[in-house]
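Participant: Sequence and computational prediction follow.
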Amino acid sequence: MPAFTPDQWLILLLVFLLGLFLGLALMASPKWKHRYREEVARREALEADNARLRREADEMASLRGAAARDEARRREAAAESDVEVERRVADRRAADRAAAEDDLVRSERLRAEEDELRRRDGPRGPL
């Protein structure tokens, strides 16, 4: 294969420079600038939308966590409330039993006093 001559090298260089200048001229046209600006605006809108969605997802996650903690507290409080109600019922039953026993002791004491008075006064009763 023969080597290039300096004239051929000059022609290749001029063709390369012509292509470079034509490419730069075409890229500098308003049509390409407009498309580039649209692309930038669309990218920025998508990034803003993604940031908004990320914030909403973080907020939803924190609300979901707060709701779970609240539900756990509510269940715990309900369990404690049930235990408290059972304790109060047991205390009330014990108090009712104690009151019934006191009433029984009083009624037995009154019967004993009535029997004692009847024995002292005799079968006729007081005059």
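Facilitator: Looks like it came in fine.

Participant: I'd like the average pLDDT over the helix or strand containing Ala95.
Facilitator: Assessed by DSSP states H and E, Ala95 sits inside helix 30-121. What helix 30-121 shows for mean pLDDT is 88.

Participant: what's the offset of it from the middle of its chain?
Facilitator: Mean C-alpha position of helix 30-121 versus that of the full chain (CA atoms, centre = their mean, to the nearest Å) differs by 16 Å.

Participant: Kindly report the same for stretch 12-29.
Facilitator: Centre to centre, stretch against its chain (CA atoms, centre = their mean), the figure for stretch 12-29 is 61 Å.

Participant: burial count for Glu116?
Facilitator: Counted with other CB atoms under 10 Å, the neighbours of Glu116 add up to 10. C-beta coordinates here come from the backbone N, C-alpha and C atoms, glycine included.

Participant: Run a quick neighbour tally on Ala51.
Facilitator: For Ala51, the tally of surrounding residues (other CB under 10 Å) stands at 10.

Participant: Pull up the gap between it and Leu18, please.
Facilitator: Between Ala51 and Leu18 the distance is 46 Å, computed by CB to CB, to the nearest Å.

Participant: Also Gln8?
Facilitator: For Gln8 relative to Leu18 (CB to CB), the value is 16 Å.

Participant: likewise Arg37?
Facilitator: Relative to Leu18, and taking CB to CB, Arg37 is found at 28 Å.

Participant: what's the answer for Pro30, then?
Facilitator: Pro30 sits at a distance of 23 Å from Leu18 (criterion: CB to CB).
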